[in-house]
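Student: A structural model of the following input is requested.
(one chain, ligands or ions: 2)
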Amino acid sequence: MVRALIKRGSVCDGVIGVLKDRLGADAVCMVDLGEVHGTAALAEAEVVIGTLPKEAIGDAPKLRWLQMGSAGVNSWIPHVPEGVILTSAVGVYDEAMADHVFGLLLGLTRRIGEAQDRQREGRWRGAEGCLELAGMTMGIMGYGSIGRSVARRARAFGMRVVGLRRRPEPDALAEAVYGMEELDAFLARSEVLVVILPGTDHTRGKLDERALGLLPESALIVNVGRGSTIRTDALVAMLASGRVGGAGLDVTDPEPLPEGHALWTTPNTLITAHYGGQSQSYPERFGELVAHNLDCFLSGRVEAMRNRVDRVWGY
Ligand SMILES: NC(=O)C1=CN([C@@H]2O[C@H](COP(=O)(O)OP(=O)(O)OC[C@H]3O[C@@H](n4cnc5c(N)ncnc54)[C@H](O)[C@@H]3O)[C@@H](O)[C@H]2O)C=CC1
Ligand SMILES: O=C(O)C(=O)CO
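Tutor: Ligands and ions are numbered 1, 2, ... in the order given. As a prediction, this is how the structure comes out:
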């Protein structure tokens, strides 16, 4: 019997039924993964579905497969023994994240935040400096699963799209897809830069003062990947001077943003507290991935499991 711990509420009822059918009702335990540290259930678990806290991994000596609930998993890698299969939730967040990118972008270009401030004050006043997106070029840095969903929306808005990814290959939605060694040329075209890179040793600090200086004058930046990709001090300075026209940030460095941090009061900056992937569809979408990967795992086709994490590249 393969014993599995599933994060409570993470998969839809239909998939819980599938898990119980495949593993046996007694083998499936729905738990709060934040509270399994040191328990007998974790000591017996061969499969864990959901983001197990790093410090609890050592309490799971029988673990054979950890299906993370997040797409970004880089900081878990050193904690997961080599023999344990580690899979991420890439693909689960695409639609919610793409909506969120446009939420931030439209917030900046249509000045929605300021309108909300005036609404609270009961003041009826228009805005100046609104921008239209049609005809602008969006550069998607991290042209992966979420990136393509963003590109589909961008095209519907009449924007041009260029992408950047580790292994560039042509894509019907993008005019060009660049590799990291072509970063400068990519940035020079990005009037709207959308950053959706995983936070890894290879992406940390890539957008520093020099790189941000290559963007077109008054470019807009949206970061929904990881805060560590952008040098916060450089971003704050360029927003303050107006060299960067605005920033929509679902992720920051540091995170959470401490009280009094410069970003809170930087002009033309819209911040959401790392909830871009949140949506009512999560249990369905995650459940679909879990059912597929469980099937592969139980039938010994581990190479067909989706989203096996590359320990060298960190995603
Ligand atoms: N704000 C939030 O709530 C969420 C944030 N995320 C973040 O978004 C990231 C991307 O998610 P997905 O699109 O689902 O992943 P994905 O694996 O489909 O796409 C990642 C893209 O980044 C590129 N990339 C990775 N390392 C690179 C490097 N060193 N140089 C150049 N390109 C590189 C890859 O080539 C790929 O195109 C996640 O790793 C996570 O950090 C994901 C979901 C929710
Ligand atoms: O999946 C991710 O990487 C996220 O940041 C969502 O929590």
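Student: what is the neighbour count of residue 18?
Tutor: 17 (other CB atoms under 10 Å). All C-beta atoms are positioned from the backbone trio N, CA, C, and that covers glycine.
Student: same question, residue 41
Tutor: 12.
Student: and residue 314, by the same measure?
Tutor: 18.
Student: then residue 295?
Tutor: 14.
Student: what residues are up against the nearest residue to it once chain neighbours are set aside?
Tutor: Leaving aside its sequence neighbours, residue 295 sits nearest to residue 22 (CB to CB, 6 or more residues apart in numbering; 7.6 Å). Contact partners of residue 22, counting by CB atoms under 8 Å, 6 or more residues apart in numbering, are 294-295, 298.
Student: out of those residues, who's nearest ligand 2?
Tutor: Closest approach between the contacts of residue 22 and ligand 2, by CB to the nearest ligand atom: residue 294, at 19.7 Å.
Student: contacting residues for the closest one?
Tutor: Here residue 294 is in contact with 18-19, 22-23, 47 (CB under 8 Å, 6+ apart).
Student: mind telling me what element it is part of?
Tutor: helix 282-298 (DSSP states H and E).
Student: buried sites along the one helix or strand residue 149 maps to?
Tutor: When elements are assigned from DSSP H and E, residue 149 belongs to helix 145-156. Residues 145-151, 153-154 are the ones in helix 145-156 that count as buried (16 or more other CB atoms under 10 Å).
Student: stretch 289-304 now?
Tutor: 289-291, 293-294, 296-297.
Student: those: which two are farthest apart?
Tutor: Using CB to CB, the two most remote members of the buried residues of stretch 289-304 are 289 and 297, lying 12.1 Å apart.
Student: for ligand 2, what's its nearest residue on the stretch 151-300 of the chain.
Tutor: For the stretch 151-300 of the chain, CB to the nearest ligand atom, closest residue to ligand 2: residue 277, 4.2 Å.
Student: which residue packs closest to residue 50, ignoring adjacent ones?
Tutor: residue 7 (2.6 Å).
Student: any idea how far the one you found is from ligand 2?
Tutor: Remark: distance between residue 7 and ligand 2 (CB to the nearest ligand atom, to the nearest Å) = 13 Å.
Student: you'd agree that residue is up against residue 67?
Tutor: No - with contact defined as CB atoms under 8 Å, residue 7 does not reach residue 67; the gap is 9.6 Å.
Student: which one of these two has more residues nearby?
Tutor: More crowded of residue 7 and residue 67, by other CB under 10 Å: residue 67, with 29 against 20.
Student: that one: what's it in contact with?
Tutor: For residue 67, the contact set (CB under 8 Å, 6+ apart) comprises 47-50, 87, 89, 289-290, 293.
Student: again, only using 10 Å
Tutor: The neighbours of residue 67, taking CB atoms under 10 Å, 6 or more residues apart in numbering as the test, are 4, 6-7, 10-11, 47-52, 85-89, 286, 289-290, 293-294, 297, 305-307.
Student: in this structure, which residue sits nearest ligand 1?
Tutor: For the chain, CB to the nearest ligand atom, closest residue to ligand 1: residue 144, 1.9 Å.
Student: residues in contact with that residue?
Tutor: So residue 144 contacts 71, 90-91, 94, 163, 165-166, 196-198, 225, 315 (CB under 10 Å, 6+ apart).
Student: one more: residue 248?
Tutor: Residues counted as contacts of residue 248 (CB under 10 Å, 6+ apart) are 100-109, 113, 192, 194, 220-224, 268-272, 276.
Student: returning to what we had before: pipe the buried residues of stretch 289-304 into JSON lines and attach distance to ligand 1 and pLDDT per row.
Tutor: Shown next, in JSON lines, are the buried residues of stretch 289-304 (distance: CB to the nearest ligand atom, whole Å; pLDDT from 0 to 100):
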{"residue": "289", "distance to ligand 1": "11", "pLDDT": "98"}
{"residue": "290", "distance to ligand 1": "16", "pLDDT": "98"}
{"residue": "291", "distance to ligand 1": "19", "pLDDT": "97"}
{"residue": "293", "distance to ligand 1": "15", "pLDDT": "98"}
{"residue": "294", "distance to ligand 1": "20", "pLDDT": "97"}
{"residue": "296", "distance to ligand 1": "19", "pLDDT": "98"}
{"residue": "297", "distance to ligand 1": "20", "pLDDT": "97"}
